[in-house]
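> got a sequence here, can you model it:
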Amino acid sequence: MRRFVYPIGPAEAGRTVKSLLKGKGYSSRALTRLKKDPLGLLRNGAHVRTVDLLAEGDRLEVTLREEANTYARCDTPVPILWEDEDFVAFDKPAEMPCHTSWAHPADTLANVFAAHCDRLGVQAPFRVLGRLDQDTTGCVLVAKNQLAASLLVARPAWVKKVYLAAVSGAPQPPAGTVDAPIARAGEDSGLRRVDPAGQRAVTNYRTLRPLPGGRSLLAFSLETGRTHQIRVHMAHLGHPLLGDALYGGDCAALSRQALHCAGLAFFHPERGEWVRLFAPLPADMAALCGPVGEETLPFWRREVPE
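Got it, this is the predicted structure:
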């Protein structure tokens, strides 16, 4: 349950409850649920309808009640990078999917989140804002209520990420943009490929440093969010990610794709400010690439306001 209080000033006076809340990002579905809850919408402590007008000096109180979380609980420890009443950011390990499936009914980040909510004494469905592949590590942001989720989903520019990956070879030029559409490799295939008939996919990359054995450490920011986007684009360039067996990567040094979401920044709608988070490289990638600090990440300072 999350409670919001909106003092009504001169600019809001004369608006209906529905108009005010729509302007603050509440969806039609959320408003419908609030109307059905006797304590969902209160004006000065008394029930109010969404069609009622607000006056200067009023105090509108909104209580969001969440649906029951039915996921199995998982107590696998996953580091938390940051948390408040609206969001929690995890540093997801390898070998952990974000969502449940028939093969992973109880060992996913969704299951970890359910157990975490139990410890907090709160109820919240799993609303992940940009999932990572099972063996991709790093920052994953989860919204703890429907308003927080809808505000960020509706404003993609409010969430920015920086990825790190170790690849075979040395891309030329050392920094650039891959603008190449991606589609399924086959109708029933989980693989993707660059295909003129696919969806537009844009990946910005920059080489951070050469690595032993003719390899390179790269940083990426994405302008689109296609499945396996970085992995497909780098394989297309002839520089597949180390450990990425699906796309022709060298698996001698790593048993999973060497891809890590190191930087996450998001504009917090309730606080009115950017939150910047950093997840250091996991041990397997750090052994290959050496340490990487937040200050070395490109794209970061340019794209995320202070």
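> what about the closest residue to Val17 other than its chain neighbours, how many neighbours?
Ranked by C-beta to C-beta, 6 or more residues apart in numbering and with sequence neighbours excluded, the top spatial neighbour of Val17 is Thr50, at 4.8 Å. Using the backbone N, CA and C atoms, a C-beta is placed for each residue, glycine as well. Thr50 has 18 neighbours, counted by other C-beta atoms under 10 Å.
> and Thr50, that's in a strand?
No - counting by DSSP: H, G, I helix; E, B strand; the rest coil, Thr50 is not found in a strand; it is coil.
> so it sits against Arg15, correct?
No - with contact defined as C-beta atoms under 8 Å, Thr50 does not reach Arg15; the gap is 11.2 Å.
> helix or strand for the closest residue in space to Val5 that isn't next to it in sequence, which one?
Distance criterion C-beta to C-beta, 6+ apart; nearest residue to Val5, sequence neighbours excluded, is Glu61 at 5.3 Å. Element membership for Glu61, per DSSP states H and E: strand 59-64.
> what packs against that strand?
Of the remaining helices and strands, those touching strand 59-64 by 3 or more C-beta pairs under 8 Å, 6 or more residues apart in numbering; DSSP states H and E are strand 2-7, helix 17-23, helix 28-36, strand 41-43.
> again, only using 10 Å
Packing partners of strand 59-64 (3 or more C-beta pairs under 10 Å, 6 or more residues apart in numbering; DSSP states H and E): strand 2-7, helix 17-23, helix 28-36, strand 41-43, helix 146-153.
> moving C-terminal of that strand, what's the next helix or strand?
strand 80-83.
> what does that next one rub up against?
88-91, 112, 116, 120, 138-142, 144, 264, 266, 275-279 (C-beta atoms under 10 Å, 6 or more residues apart in numbering).
> hmm, 6 Å instead?
Here strand 80-83 makes contact (C-beta atoms under 6 Å, 6 or more residues apart in numbering) with 89, 91, 277.
> from these, pick the one nearest Gly176.
Leu277 (26.6 Å; C-beta to C-beta).
> export the contacts of strand 80-83 to a markdown table and tack on pLDDT?
A markdown table is the format used below for the contacts of strand 80-83 (pLDDT from 0 to 100):
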| residue | pLDDT |
| --- | --- |
| Ala89 | 98 |
| Asp91 | 98 |
| Leu277 | 94 |
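> now render those as CSV, adding neighbour count, secondary structure and distance to Leu288.
What follows is the contacts of strand 80-83, written out as CSV (neighbours: other C-beta atoms under 10 Å; DSSP: H, G, I helix; E, B strand; the rest coil; distance: C-beta to C-beta, whole Å):
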residue, neighbour count, secondary structure, distance to Leu288
Ala89, 21, strand, 25
Asp91, 21, strand, 18
Leu277, 19, strand, 23
